[in-house]
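Trainee: Okay, predicted coordinates and the sequence, questions at the end:
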Amino acid sequence: MSGGRLDGRLIGLGVTGSIAAYKAVELLRLLTAEGADVSVMLTPAASRFVGPLSFEALSRHPVETEVLDLLPDQRIGHIVIADTADAIVVAPATAHWLGAMAHGLAGDAVTATVLATSAPVVVAPAMDGDMWTHPATRDNVARLRDMFGYAVVEPAAGPLASGQSGTGRLAELSTIVDAVVDAVAGRPVRASDATARPPLIARGRDADLDGSHVVVSAGGTREAIDPVRYIGNRSTGRMGVAIAEAALARGARVTVVAAHVEVPLPDGAAVIRAESTDDLRDALQRLVHGGTSGAGHAGPGFDVLVMAAAVADFRPTRSSATKLQRGDGLRLDLEPTTDVLAEIGAAVRDATTPRPVLVGFAAEAGSLDRAPDKLRRKGVDLLVANDVAEAGSGFGTDTNRVRILDADGTMEDLPMLSKRDVADEILDRVVAIRTSRGAGRPSR
């Protein structure tokens, strides 16, 4: 995000084998939202909880899993991170890792990187409550803090994976991000030259939506004036179709609720036709109450809903059953249509865990200032806003420039991209949210 607190910084993210490892995907996203370039290291145990492909897709850097691994350019991966990172954060840090680090045992990529760096280190432990209070753990934490100078973000109290309650939960991710920001404050960027840092990799896509049901609305709704005429909009359905195609490529079962579209609908997707806003609403209500999610769990019949359709805001109060004659003149009285997305959001807000991910779109003209209010009113997890008055970003184009807003308050402006690339950027964030809710596909 432009103007983020970590703009221009490279942050090394070390992940160890705690049940809280899945939260590291969301932590990566929050660091990126603050402007950071993030490179990830995993211990072997961490790889059993969350595979490297999710981290690679979001960071666009190779993930270090072995001490002896080489980067594609034949440099030693963990040494490159150690030499160029502005800070390293280990979250979650297990009791085992704390002990190994406190005694310099470089048996994994995370410990080896931290041993080899002169950058500030932030450590966020997570473990069972009795493990956290054990004298051995307390001694190791004190050694890291007092002798090594590491910043320790102590765990929070609450329910633990063991079923007990106590202190041991990973601290709030926003608190960890703040600690990273504090660690680099006042320090110059260590390696501003991108060639010195870990190399970027081409965006590969794991089948990270395998087994999930993704519903995408696409195109523009039409509100009948008479059997011939209608109130509509300029949407062609290109953005919605691009999202559906991207979701299919990532292994999802896809249903497209198609209003008026001017592009072919993707092979492999189930299609429900919807002419008007009421048609669209009825189709989505049936999916909410009568479908099945990819995981087969009770509740809404989908795991992800992306409302890319341009839904008409107004409709005639009365529609003529016969064609109106030119000579009669025409005066239209309009009324607001149903806010379909807000209604669906309210219907699934209390859904059984994991709750579906809801993505809304906001087509604005001239300014995106209203987008945060729309995100709140509609109750979505992500809102994708674009200025349709900007050349290359409106209806009927093959490109789009969007701002993605998250319910947690983060906001990111993307450059002008193809609509397929925008679709994958959106789905990257959807996957991160699903993973943070414990809904992601188990890694291979």
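Mentor: Nice, I can see it. Numbering: from 1, shown residues only.

Trainee: Return the set of buried residues in stretch 250-265.
Mentor: With burial defined by 16 or more other CB atoms under 10 Å, the residues of stretch 250-265 counted as buried are 250-261, 265. Where you see a C-beta, it was placed from the backbone N, CA and C, and this is true even at glycine.

Trainee: Same question for stretch 100-120.
Mentor: Neighbour counts over stretch 100-120 (16+ other CB under 10 Å) mark 100-102, 106, 108-114, 116-117, 119-120 as buried.

Trainee: which residues sit against stretch 396-409?
Mentor: Contacts with stretch 396-409, where a contact means CB atoms under 8 Å, 6 or more residues apart in numbering, come from 30, 33, 174, 234, 236, 238-239, 262, 368, 371-372, 375, 380-387, 390, 392-393, 411-419, 422, 425-426, 429.

Trainee: export it as CSV, just CAs?
Mentor: Output in CSV follows, covering the C-alpha atoms of stretch 396-409 (Å, rounded to 0.1, in the frame of the first residue of the first chain):
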residue,chain,number,x,y,z
GLY,A,396,-16.1,-2.9,-21.4
THR,A,397,-12.3,-2.7,-21.1
ASP,A,398,-9.9,-5.6,-20.7
THR,A,399,-8.0,-3.8,-17.9
ASN,A,400,-8.9,-2.3,-14.5
ARG,A,401,-7.4,-0.2,-11.8
VAL,A,402,-8.9,-1.0,-8.4
ARG,A,403,-8.6,-0.2,-4.8
ILE,A,404,-9.2,-3.2,-2.5
LEU,A,405,-10.5,-2.4,1.0
ASP,A,406,-10.5,-5.0,3.8
ALA,A,407,-12.9,-5.1,6.7
ASP,A,408,-9.9,-4.8,9.1
GLY,A,409,-9.3,-1.3,7.7
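
Trainee: one step back: which ones among the contacts of stretch 396-409 are found in helices?
Mentor: 30, 33, 174, 238-239, 371-372, 375, 419, 422, 425-426, 429 (DSSP state H).

Trainee: Neighbour count, distance to Arg9 and pLDDT added to those residues, as TSV?
Mentor: Listed next are the ones in helices among the contacts of stretch 396-409 as TSV, based on neighbours: other CB atoms under 10 Å; distance: CB to CB, whole Å; pLDDT from 0 to 100:
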residue	neighbour count	distance to Arg9	pLDDT
Leu30	20	13	94
Ala33	21	13	90
Ser174	13	17	95
Arg238	22	36	93
Met239	30	32	94
Ala371	20	27	88
Pro372	16	26	89
Leu375	22	27	89
Lys419	20	30	89
Val422	23	25	92
Glu425	18	21	93
Ile426	25	25	95
Arg429	23	21	93
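
Trainee: what about the nearest residue to Ile243 once chain neighbours are set aside, distance to Val121?
Mentor: Leaving aside its sequence neighbours, Ile243 sits nearest to Ala423 (CB to CB, 6 or more residues apart in numbering; 4.3 Å). Plainly put, Ala423 is 37 Å away from Val121 if you go by CB to CB, to the nearest Å.

Trainee: more crowded one of these two?
Mentor: A direct count of neighbours by other CB atoms under 10 Å for Ala423 and Val121 places Ala423 higher, at 27 against 23.

Trainee: doesn't Leu248 make contact with that one?
Mentor: No: counting by CB atoms under 8 Å, Ala423 stays clear of Leu248, with 10.7 Å between them.

Trainee: So, low pLDDT: which residues of the stretch 101-250 of the chain?
Mentor: For the stretch 101-250 of the chain, residues meeting the criterion pLDDT under 70 lie at 161-163, 202-206.

Trainee: which residues in it form strands?
Mentor: 121-125, 151-152, 156-159, 165-169, 213-218, 223-224, 230-231 (DSSP state E, counting those that start in this stretch).

Trainee: Tabulate the ones you listed (a markdown table), appending distance to Val180.
Mentor: As requested, these are exported to a markdown table (distance: least, CB to CB, whole Å):
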| stretch | distance to Val180 |
| --- | --- |
| strand 121-125 | 5 |
| strand 151-152 | 9 |
| strand 156-159 | 17 |
| strand 165-169 | 19 |
| strand 213-218 | 33 |
| strand 223-224 | 50 |
| strand 230-231 | 50 |
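
Trainee: Ok, which of those strands comes nearest Gly301?
Mentor: Closest to Gly301 of those is strand 213-218 (CB to CB; 6.9 Å).

Trainee: okay, the strands of the stretch 101-250 of the chain, which one's buried deepest?
Mentor: Of these, the one with the most neighbours on average (mean count of other CB atoms under 10 Å) is strand 213-218, at a mean of 30.

Trainee: other SSEs contacting it?
Mentor: Judged by 3 or more CB pairs under 8 Å, 6 or more residues apart in numbering; DSSP states H and E, the packing partners of strand 213-218 are helix 238-249, strand 253-258, helix 277-290, strand 304-307.

Trainee: Now do the helix or strand just after the second one: which elements does it pack against?
Mentor: Read it as strand 253-258. Per DSSP states H and E, the first helix or strand lying C-terminal to strand 253-258 is strand 270-273. With contacts taken as 3+ CB pairs under 8 Å, 6+ apart, strand 270-273 sits against strand 253-258.
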